[in-house]
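1. Okay, predicted coordinates and the sequence, questions at the end:
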Amino acid sequence: MRAVIAAALVASLLAACGSDEGSGITQLARQPGAPAADSLSARLIPADDLPPAGTRSLFDHLIAANGQIPYPFPKLVELIRKNDPEAAPPLTVLIPHGRSLLKGLADDAHPRVLAAADFQAASTPASLGLNPRGQLFLGFVENASEIEVLSYNEAAGRYEFQLVQNYCAGCIPKLVYAKRAICTTCHQGAVPIFPQRPWNETNGAPATAAAIQAARGNDQPYLDVPLSNPLGVPERFDQLTDVGGFIPATQRIWIDACGDSAVCRRTMLKLALTWLANPAGFDAQSADAATLRELQATGWPKDGIAVAESDLANRDPIEEARGFKGWLRSLTSRQPKPGDGAKTNEDLEAFDRLPKLKAAFDPLSRRPPKRMLSAADLDGVYGLAALFSDADRSLLESSAGFDTAKLVSAVDRVDEAFFAPAVYSRVRTMNALLTALGTKPLNYCCLDTAELSPPVASGEPPVTLVAGSPLAPFEQYCFACHRGNPAKKLNFMSGPDEAAVLANIKAKDAIREALDWPRYQGTDKANKLMPPADSLQHERLQSALAQNPKLLEQMRAVVPGMFDF
């Protein structure tokens, strides 16, 4: 009888502690997605794992322009900083006990590192500047050797989910597109997410920062990230996810609310420019605003347009472990061992074996929308305006002679085809307006995919080399930059199997010159020698040459000379 009473008491106490569990990710990820909505946006913005043809993520473009994925992680963060006109580092926070799929591999000594771009670059006379604010996020777990990347795809009107796998010292990193169905179990609405204030999971909380410092045994930065942050850093991070979280809703309004009506989109853009010119003086009851509401009412989806919830309920892992409730949980739930859980973003069953979170804190639990918009709302106007950068606004104003009426009337001169049902693009809009104002359209760094290699899906197997393969040294010293590189011109060691890779290498006779160290070292062509002098691969190849002085000669022999018959 005492055992029964004790069991009942434990059950009641567990209920009081909130031990209800969220849904398992394995089940959620395997469930078929909702039937494709009979809407323009569902057809124009597909939910496939790979980006639509002719489009790529902002991250792909940045890596292609850089030539390789920088390692270690601080160098990748530095790449983002270099694009900031003020040379300010990205926002970074540490989360030792979070809720990501790789949470089992993060701890106080090796917390998960989150980074977010928070800048707008100025335009030049030839090109539009970058605007990655709220559009580029990284999450790195060192013990998992994997970076999760969430970045916006300008041409596709959606966020892309990517992984940098095998990201470790001496490894060959692989950039792939993740399985979207897995990512959106937490990133519901396909938007960035972050906890709400007071952000106890992050190193903005003194107790969390102290635990990290105690576990690491010093107060030195971890991967160049301070162990303690002012609360303003996670607060700004939260704001950036909110900014990014509204973009998908803006796309739906632009596409679905206006349907086939070019007049609707033209009116919406006019109002966005009016707001952009003078937010404080914007008249939400103007004649144009009333016209837009009438036009939206015609095509607005019957079930409304949802603004996805990008906020997760604040959770305090340290407080959860304290007191009687924490002690009780330690007795009644299996405690994870160090390294338990998913080792990759596809190891779902291992993740499900970890102790469950309360449903209220579990990102897998279905979250209601942050807002449901109706045809009476003008949020599409505000959403379009938010996609312009400060530099865009200045450029448009100067091109219009600082005459708001002239700028707004330029919309009437934009070709009708621009307002056909399509994904909204800030770059496309800027160039349409500049042309209408009699100004030359500008280039943009991160839109054209002609020089990018095909995207790679998660789960594609790596090439397997036979013992003694002539490709072995290329795998060690060259694959990191030249296999799976988003830049087509640098991706010349790609191929599904050993024979295909070997054929591609043999077709690139410039490799012989790039490996001719004795001939070009100390000359003005030394910077063209490969691997790059500042790379880990170069350092490792130098060490290998001490053991085998003929290694470069053997590698060069794999590539036929230009006049080799």
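-> Received, thanks.
2. Any regions of this protein where pLDDT drops low?
-> For the chain, applying pLDDT under 70 flags the ranges 1-23, 26-37, 323-343, 561-565.
3. One more pass at 50, please.
-> Counting by pLDDT under 50, the chain has low-confidence residues at 1-20, 33-36, 331-335, 563-565.
4. could you pull out the strands for it?
-> 91-95, 112-116, 136-141, 146-153, 158-165, 174-177, 194-195, 305-307, 311-312, 371-373 (DSSP state E).
5. Sheet partners, orientation included, of the first one?
-> Put plainly, it is strand 91-95. Sheet pairing of strand 91-95 (DSSP bridges) gives strand 112-116 (antiparallel).
6. How about residue 253: what's its closest non-neighbour residue?
-> In space, residue 253 comes closest to residue 380 once its chain neighbours are excluded; the distance is 3.4 Å by CB to CB, 6 or more residues apart in numbering. (C-beta placed from N, C-alpha, C; glycine too.)
7. Can you report how many residues neighbour the one you found?
-> 27 (other CB atoms under 10 Å).
8. What separation do you get for it and residue 424?
-> 9 Å (CB to CB, to the nearest Å).
9. Now the common contact residues for the two.
-> Here residue 380 and residue 424 share the contacting residues 250, 254, scored by CB atoms under 8 Å, 6 or more residues apart in numbering.
10. Could you give the number of residues near residue 354?
-> Residue 354, neighbours per other CB under 10 Å, totals 15.
11. is it true that it touches residue 102?
-> No - contact criterion CB atoms under 8 Å: residue 354 and residue 102 do not qualify, at 10.9 Å.
12. Next, the contact list for residue 57, please.
-> If you count contacts by CB under 8 Å, 6+ apart, residue 57 has them with 51, 149, 151, 152, 153, 160, 162.
13. Weed out the non-buried ones from those residues.
-> Buried members of those, counted by 16 or more other CB atoms under 10 Å: 51, 149, 151, 152, 153, 160, 162.
14. wait, isn't the third one in contact with residue 162?
-> Yes - counting by CB under 8 Å, residue 151 touches residue 162, with 7.2 Å between them.
15. Overlap of the contact sets of those two?
-> 57, 59, 60.
16. Please identify which pair of the contacts of residue 57 lies farthest apart.
-> Across the contacts of residue 57, the longest distance by CB to CB is 12.7 Å; it joins 51 and 149.
17. Give me the common contacts of these two.
-> 57, 160.
18. So what sits opposite the residue positioned nearest the centre of the chain in the bridge?
-> Nearest residue to the geometric centre of the chain (CA atoms, centre = their mean): residue 150, 1.5 Å. Under DSSP bridges, the beta-bridge partners of residue 150 are residue 137, residue 161.
19. Next, work out how far apart it and residue 447 are.
-> 19 Å.
20. and if you look at residue 511?
-> From residue 511 across to residue 447, the span is 31 Å (CB to CB).
21. Just want to know which of the two has more residues nearby.
-> Using other CB under 10 Å as the criterion, residue 511 and residue 447 rank with residue 511 on top: 21 against 18.
22. which among the contacts of residue 57 gets closest to residue 255?
-> Nearest to residue 255 among those: residue 153, at 15.2 Å, using CB to CB.
23. Is it correct that that closest one is in contact with residue 55?
-> Yes - between residue 153 and residue 55 there is a contact under CB under 8 Å: 5.4 Å.
24. Could you tell me which residues touch both of the two?
-> Common neighbours of residue 153 and residue 55 (CB under 8 Å, 6+ apart) do not exist.
25. out of everything not next to it in sequence, what's closest to residue 143?
-> For residue 143, the closest residue by CB to CB, 6+ apart turns out to be residue 105, at 4.1 Å.
26. now what about stretch 267-283, what contacts it?
-> Here stretch 267-283 makes contact (CB under 8 Å, 6+ apart) with 253-254, 258, 288-289, 291-292, 295, 378, 380-382, 384-385, 388, 393, 396-397, 404, 407-408, 411, 429, 433.
27. can you check stretch 430-446 too?
-> 58, 61-62, 65, 123, 126-128, 130, 154, 273, 388, 392, 395-396, 399-400, 406-407, 410-411, 413-415, 418, 427.
28. got it, and stretch 390-399?
-> Contact with stretch 390-399 is made by 120-123, 128-129, 131, 273, 276-277, 388, 407, 426, 430, 433-434, 437-439, as judged by CB under 8 Å, 6+ apart.
29. Among those residues, which are located in helices?
-> 273, 276, 277, 407, 426, 430, 433, 434 (DSSP state H).
30. Give the PyMOL command for selecting the buried subset of those.
-> Selection of the buried residues among the ones in helices among the contacts of stretch 390-399 in PyMOL, burial being defined by 16+ other CB under 10 Å:
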select buried, resi 273+276+277+407+426+430+433+434
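31. Can I get stretch 237-252 in CSV, CA atoms only?
-> Provided in CSV are the C-alpha atoms of stretch 237-252 (Å, rounded to 0.1, in the frame of the first residue of the first chain):
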residue,chain,number,x,y,z
PHE,A,237,19.3,38.8,-31.2
ASP,A,238,15.7,38.4,-30.3
GLN,A,239,14.8,41.5,-32.2
LEU,A,240,16.6,40.2,-35.3
THR,A,241,14.7,37.0,-35.3
ASP,A,242,11.5,39.0,-35.1
VAL,A,243,12.6,41.2,-38.0
GLY,A,244,13.4,38.1,-40.1
GLY,A,245,10.3,36.3,-38.9
PHE,A,246,8.0,38.8,-40.6
ILE,A,247,9.5,38.3,-44.1
PRO,A,248,7.5,35.1,-45.0
ALA,A,249,4.3,36.9,-44.0
THR,A,250,5.2,39.8,-46.2
GLN,A,251,5.7,37.5,-49.1
ARG,A,252,2.3,35.9,-48.6
